[in-house]
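A.B. asks: sequence unknown, structure follows:
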């Protein structure tokens, strides 16, 4: 009954105590959301196991185990920083991400040009990877490619991703409604949970969104399907209209419904047939 008597002798709980508990609960909830689906979950479970083993050794008077854990804690901290540096960097970047300012990509014309290019690339089954910057800068990845600093246009995107073009491999990075660079190298995702059917272009799209808050759009070279990667998660097999809605949602542009006109779709659909007819006629 001693613990019950000591509990009754505690000072009364006030509003500030409830506020303190609420803030701590929110912080724990946000941390759990940040580490969900990453290797940090296993790290947290391992840390919890060590804490339980530490207090269990004290309660059971296991002096050797307790001494070992106390002396290994410092080394474990450095090991965690080295092994999970990418997860730590990604988490800190998400915590420090601005939410009210910096969403510069909002123009309808720029989005329409990207959608028109995606529609034709999908029909022709031409591989492509377009990365749109949000708040976290992509300067490091821009410097790995060829600087362009050009206005976004459908024709320019189609020229860049032409199969026999010099800039076909790599990603196009869009920064402040302009194409900053092409043929950029992106980090590949090392998430073991990803399907083995996803190719290098898909893993690059996921990898860049794991480290930054950008939006990555890709077209598969095998089947022409359009996909979008955001915050380390990928959504497969989307239509150009759905891509426009995802762009609008990611950059805070409201709930505009994006639709390509019937003339645009018919024009893009006629291109492969016209090319095939030209090749057939020109054969000797």
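C.D. replies: All right, it came through fine. Worth saying up front: this structure is predicted, and the values here are computed from it rather than measured.
A.B. asks: which residues does residue 173 contact?
C.D. replies: 131, 133, 138, 141, 142, 145, 179, 180, 181, 182, 184 (Cβ atoms under 8 Å, 6 or more residues apart in numbering). Using the backbone N, CA and C atoms, a C-beta is placed for each residue, glycine as well.
A.B. asks: Quick check: the gap between the third one and residue 171.
C.D. replies: In this case it means residue 138. 10 Å (Cβ to Cβ, to the nearest Å).
A.B. asks: more crowded one of those two?
C.D. replies: residue 171 (26 against 23; other Cβ atoms under 10 Å).
A.B. asks: Report the set of residues contacting both of residue 138 and residue 171.
C.D. replies: Joint contacts of residue 138 and residue 171 (Cβ under 8 Å, 6+ apart) are 131, 208.
A.B. asks: what about residue 168, neighbour count?
C.D. replies: Neighbours of residue 168 (other Cβ under 10 Å): 17.
A.B. asks: which residues touch it?
C.D. replies: 127, 160, 161, 162, 183.
A.B. asks: Helices along the chain, start to end?
C.D. replies: Assigned helices in the chain, in chain order: 2-8, 15-35, 40-59, 63-83, 85-95, 108-124, 139-142, 154-160, 200-211, 240-250, 262-282 (criterion: DSSP state H).
A.B. asks: mean confidence for the first one?
C.D. replies: Right, the one you point to is helix 2-8. In this model, helix 2-8 carries a mean pLDDT of 61.
A.B. asks: Please apply the same query to the fifth one.
C.D. replies: Looking at helix 85-95 alone, the average pLDDT works out to 66.
A.B. asks: With the third one instead?
C.D. replies: Helix 40-59 carries an average pLDDT of 80.
A.B. asks: That one: how far from the chain's middle?
C.D. replies: 30 Å (Cα atoms, centre = their mean, to the nearest Å).
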